[in-house]
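> the sequence and its predicted three-dimensional model are supplied below.
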Amino acid sequence: FHRPAAVGICVVMLLLTGCAVPGEALPAPVTQSVLPPAATSNQEQEEVPPMDAENRIWNVKDFDAKGNGRDDDSAALQRAVNTVMRAGGGTVYFPEGTYRISSTLRITMEGDAPLTLMASPAGGVTVETMSDAEGPVLYVNHPYVTLESMAIRQNAPGDQPAVMLMSDHATLNNCSIYASGGNTAPLAKIYGSCNTLTATSWGYANTTPHIVEFTAREGIIAYGNVLEDSYFGGSHTKCVLVTSEDGSAVQEGLIIRRNVFLLPAVGQVEVQAGKQISINDNMLDAGNINILLVPGKAGINGIAITNNYCGASTGGLHVKSDNGGSLQDMTVSANYFWNPDCLLVDLDDCAGMRLTDNYFVKTNGTAMTLRNAKGAFLEGNIVISLGGEMDLSIRAVDDDTVIQNNSLGTVKVPEWSSRFKKLN
């Protein structure tokens, strides 16, 4: 079993399609404690009829948007969005062009009328901020908003994401999100529930912030969000962060699947807090550490890491105690690791750990290092050693520890000779 073959399998796997997470409609999140961008002061003008009344499509050019890459289209785009929302929902159509804005495009009206921002099928549609703009490019606090086939560019420096989702059932499909140098915020900051980021490419000129941040805080339900079929590349050193803003509320049921990560990140996917998180069927390569779990105050309660390809220079999956939190119920199954120190769990407060059917190609260090394997279940793991020290190193076990049917070479495990060796 060779690495090129594994990469080929992962690429084919990533071409598969899937469906978004089903779920009941959730109440609109409470966001009084979150400071939104300032509203524009432009006055509404007379209503503009749709260019396609039957399909409820309005053209931004009918609202005097220029899309020439020079003029400020803030008022025109905001007016188009507000008109469609007041009309009960529909589609705002963007012909080919670059639409520059000096203030945030806000989608915040009450109700649940669906809204789609749709680019021309010919492509070439960019909405970007001017260099002196303040706030995100797009701020969404309204359910059922779809962004289709558009490029979003945050050109303003400072602590300003390109996209901020505060609501439920939003979709970013086939988009390109980018920020220029000097920005210290994630490209996208995701609250709310049942939001889907799919088939989107991400780029950042900075190396400090994470590219995508899924977060939670008290008063905002954060459930069932999805990041799928997307590409992360370049030289960025941080990528996807799953965290909690207040140390109590967490993202629940988040799915990160079928993405390609090709960048030297120290934690291409980093999880600090969450409940029932799934990281599956991804290709994570060229990283420093592929998946980094650093549980904080809110902890990580339930995480499944399955069917991923992990290739990195320092480690595949590392669990660290830097933030002082606990990890409960971690499943690591059917992954292919090609790393030094493939799997490292350097955490005492770790219960309910299952490591099954993983294939480790160890290039250096130790394939599996577990500080605490009390109650752990290890079965069906295979280690191929290309260098390094041991295949398995465990500091502590108990009566509930199970280690069986693994293919291992050199090990350092309490009670190995008397209890576990005959089972492997």
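Now that the structure is in, tell me what you want to look at.

> any chance you could map the helices in the stretch 201-350 of the chain?
Counting by DSSP state H, counting those that start in this stretch, the stretch 201-350 of the chain forms no helices at all.

> any stretches of it with poor pLDDT?
Along the stretch 201-350 of the chain, the parts satisfying pLDDT under 70 run over 237.

> what about 90?
Low-confidence segments of the stretch 201-350 of the chain (pLDDT under 90): 203-210, 233-238, 263-266, 348.

> distance-wise, check the nearest residue in space to residue 265 that is not next to it in sequence relative to residue 309.
Closest residue to residue 265 in three dimensions, ignoring its sequence neighbours and counting by CB to CB, 6 or more residues apart in numbering: residue 239, at 4.6 Å. Just so you know, the C-beta spots here come from the backbone N, C-alpha and C atoms, and that holds for glycine as well. Applying CB to CB, to the nearest Å, one obtains 16 Å for the distance of residue 239 from residue 309.

> mean confidence score for the strand ranked longest in the chain?
Taking DSSP state E as the criterion, the chain has its longest strand at strand 125-140. Averaged across strand 125-140, pLDDT comes to 95.

> for the residue nearest to residue 265, give me its contacts.
Neighbouring residues of residue 239 by CB atoms under 8 Å, 6 or more residues apart in numbering: 210, 211, 212, 232, 261, 263, 265, 267, 268, 269, 270.

> so the fifth one touches residue 268, yeah?
What that stands for is residue 261. Yes - here residue 261 reaches residue 268: they are 4.2 Å apart, a contact under CB atoms under 8 Å.

> please enumerate the shared neighbours of the two.
When contacts are counted by CB under 8 Å, 6+ apart, residue 261 and residue 268 are jointly contacted by 232, 239, 284, 287, 290.

> how about those, which pair is most distant?
232 and 290 (11.9 Å; CB to CB).

> would you state the strands of the stretch 301-424 of the chain in chain order?
Taking DSSP state E, counting those that start in this stretch as the test, the strands found in the stretch 301-424 of the chain are 309-319, 327-333, 336-339, 343-345, 350-356, 359-362, 368-372, 377-379, 382-385, 392-396, 402-404, 411-412.

> the first one: how far from the chain's middle?
A distance of 18 Å separates the C-alpha centroid of strand 309-319 from that of its chain, computed with CA atoms, centre = their mean, to the nearest Å.

> what does the third one give?
A distance of 21 Å separates the C-alpha centroid of strand 336-339 from that of its chain, computed with CA atoms, centre = their mean.

> what does that strand rub up against?
Counting by CB under 8 Å, 6+ apart, residues outside strand 336-339 touching it are 3, 6, 10, 290, 308-317, 343, 358-363, 367.

> list the contacts of residue 264.
Shown here is residue 264, whose contacts under the criterion CB under 8 Å, 6+ apart are 235, 236, 237, 286, 287, 288, 313.

> now those residues in TSV, with distance to residue 372 and neighbour count?
Listed next are the contacts of residue 264 as TSV, based on distance: CB to CB, whole Å; neighbours: other CB atoms under 10 Å:
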residue	distance to residue 372	neighbour count
235	36	10
236	33	23
237	29	19
286	31	15
287	26	27
288	25	16
313	26	13
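
> take these and keep only those in strands.
Per DSSP E, these map to strands at 286, 287, 288, 313.

> between these, which is closest to residue 353?
The nearest member of those to residue 353, counting by CB to CB, is residue 287 at 22.6 Å.

> so who does the closest one touch?
Contacts of residue 287 were listed using CB under 8 Å, 6+ apart, and they are 261, 263, 264, 265, 266, 268, 311, 312, 313.

> now swap in residue 131 and tell me
Contacts for residue 131 (CB under 8 Å, 6+ apart) come out as 155, 156, 157.

> cool, and residue 232?
Listed by CB under 8 Å, 6+ apart, the contact partners of residue 232 are 201, 202, 211, 239, 240, 259, 260, 261, 262, 263, 268.

> now with 10 Å?
200-204, 211-212, 239-240, 259-263, 265, 268-269, 282, 284 (CB atoms under 10 Å, 6 or more residues apart in numbering).

> show me the beta-bridge partners of it.
Per DSSP bridges, the residues bridged to residue 232 are residue 202, residue 261.

> so which other helices or strands are in contact with whichever strand or helix holds residue 93?
Following DSSP states H and E, one finds residue 93 within strand 90-94. When contacts are defined as 3 or more CB pairs under 10 Å, 6 or more residues apart in numbering; DSSP states H and E, strand 90-94 packs onto strand 57-59, helix 74-86, strand 115-119, strand 125-140, strand 145-148.

> how does it look with 7 Å?
Taking 3 or more CB pairs under 7 Å, 6 or more residues apart in numbering; DSSP states H and E as contact, the helices and strands that strand 90-94 lies on are strand 57-59, helix 74-86, strand 115-119.

> could you give the angle of the helix or strand following it to strand 90-94?
Using DSSP H and E, the helix or strand that follows strand 90-94 towards the C-terminus is strand 97-107. Orientation check (axes from the mean of the first three to the mean of the last three CA atoms, to 10 degrees): strand 97-107 against strand 90-94 gives 150 degrees.

> mind listing what residue 265 touches?
With contacts taken as CB atoms under 7 Å, 6 or more residues apart in numbering, residue 265 has the following neighbours: 236, 237, 238, 239, 287, 288.

> what's the burial count for residue 165?
Other residues near residue 165 number 27, with proximity taken as other CB atoms under 10 Å.

> nearest residue to residue 243 in space, please, no chain neighbours.
Counting by CB to CB, 6+ apart, the nearest residue to residue 243 once its immediate chain neighbours are dropped is residue 272, at 4.4 Å.

> who's in contact with that neighbour?
The neighbours of residue 272, taking CB under 7 Å, 6+ apart as the test, are 242, 243, 244, 294, 295, 296, 323.

> how much space between the fourth one and residue 204?
Translated: residue 294. Using CB to CB, which is the criterion applied here, residue 294 is 21 Å from residue 204.
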